[in-house]
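Colleague: fold the following and give me the result.
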Amino acid sequence: MPANSARILVVDDEPQILRVLRRGLESHGFEVVAASDVASALQIFRSMPIHLVITDLRMPDADGVQLCREIRSSSTVPIIVLSVKGEERTKVEALDAGADDYITKPFGMDELLARTRALQRRSVIPVGVQERLEVGDFVLHPAQRRVLLRDRELHLTPKEYDLLLFLIGNHSKVLSHRTILSHVWGAENAAQSEYLRVFVGQLRKKIERDPRSPRYLLTEPWVGYRFNPEV
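Modeller: Numbering: from 1, shown residues only. Sure thing, here's the model as predicted:
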């Protein structure tokens, strides 16, 4: 594998889709390993370094939601799920299980490549990034993408980390849904409110004593959210 290439695990039970994805991703410098079911995907994932996962939601032995859960139990690698129209509920379940993004079939290779590159960029630490950021009850170590809450380390997915970092960096400000979505998911996803709803729910489960009565991540009705870093 070239030194600057990322290895992507592609999981789909349709050989034609696997071929298309492999050809498109490899033509842009990525190394691709493929699996046609969840069991094979997990075997591959555990046997070699994987930098990003692209998985269909429907597989013969399990589904993409289960695969997301299994991967998230041990890794924060970025995950993109592929869905079809009518799978909105399953799509949200996949996001809740740890997926970072989704694409609806049929999709263009340009769109997939753009989302792949975006997730890849956000998982790379820029040179010269601040080593420590302390705000209220939270201490962030951006160079390691680590977050401590009152000395307890939080285990966050890449997207959860990006969202929390943006909220903490703008603490005490009221941030609109569109502002948050544009910054964390990109301007093309500024209207995808389900992204935000799911990930805010996930973050609250990890940072709040009572997610049903949040004290850090506050809802501003009809507007967006406000982050209060100390309670």
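
Colleague: in contact with the residue most central in space within the chain, which residues?
Modeller: Using CA atoms, centre = their mean, the residue of the chain that lies closest to the mean C-alpha position is Asp100, 2.1 Å off. Counting by CB atoms under 8 Å, 6 or more residues apart in numbering, Asp100 makes contact with Pro78, Ile79, Ile80, Leu119, Thr157, Pro158, Lys159. For every residue, glycine as well, the C-beta is placed using N, CA and C.

Colleague: next up, phi/psi of the closest residue to Glu111 other than its chain neighbours, please.
Modeller: Of all residues not flanking Glu111 in the chain, Ile103 sits nearest, at 6.4 Å (CB to CB, 6 or more residues apart in numbering). Main-chain dihedrals, Ile103, degrees, to the nearest 10: phi -130, psi 140.

Colleague: quick one: Ile103 from Asp110, how far?
Modeller: With distances taken as CB to CB, to the nearest Å, Ile103 is found 11 Å from Asp110.

Colleague: on that earlier part again, now, which of the contacts of Asp100 sits nearest Ala62?
Modeller: Ile79 (14.8 Å; CB to CB).

Colleague: about what we covered before: helix or strand for the nearest residue to the residue nearest to the centre of the chain once chain neighbours are set aside, which one?
Modeller: Spatial nearest neighbour of Asp100, excluding adjacent residues (CB to CB, 6+ apart): Lys159 at 4.2 Å. Secondary structure from DSSP states H and E places Lys159 in helix 158-169.

Colleague: residues contacting that helix, please?
Modeller: By CB under 8 Å, 6+ apart, helix 158-169 touches 76-78, 100-101, 119, 122-123, 133, 135, 138, 140, 142, 145, 147, 154, 156, 175, 180, 183-184, 199-200, 202-203, 206-207, 217, 225, 227, 229.

Colleague: sorry, back to before: so what's the residue count around the residue nearest to Asp100?
Modeller: 26 (other CB atoms under 10 Å).

Colleague: before we move on, what about Arg215?
Modeller: Neighbour tally, Arg215, other CB under 10 Å: 13.

Colleague: point out where the chain drops to low pLDDT.
Modeller: 1-5, 86, 121-131 (pLDDT under 70).

Colleague: how does it divide into domains?
Modeller: The chain breaks down into these domains under automatic domain parsing: 7-122, 133-227.

Colleague: tell me which of those domains is the most buried.
Modeller: Mean neighbours per residue, mean count of other CB atoms under 10 Å, is largest over the domains of the chain for domain 7-122, with a mean of 18.

Colleague: how far does it sit from its chain's centre?
Modeller: Distance of domain 7-122 from its chain centroid, counting by CA atoms, centre = their mean, to the nearest Å, is 11 Å.

Colleague: isn't Glu194 right up against Glu93?
Modeller: No - under the criterion of CB atoms under 8 Å, Glu194 is not in contact with Glu93, lying 11.2 Å apart.

Colleague: re the thing from before, could the contacts of Asp100 be laid out in TSV, adding distance to Asn170?
Modeller: TSV is the format used below for those (distance: CB to CB, whole Å):
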residue	distance to Asn170
Pro78	23
Ile79	26
Ile80	26
Leu119	22
Thr157	20
Pro158	19
Lys159	17
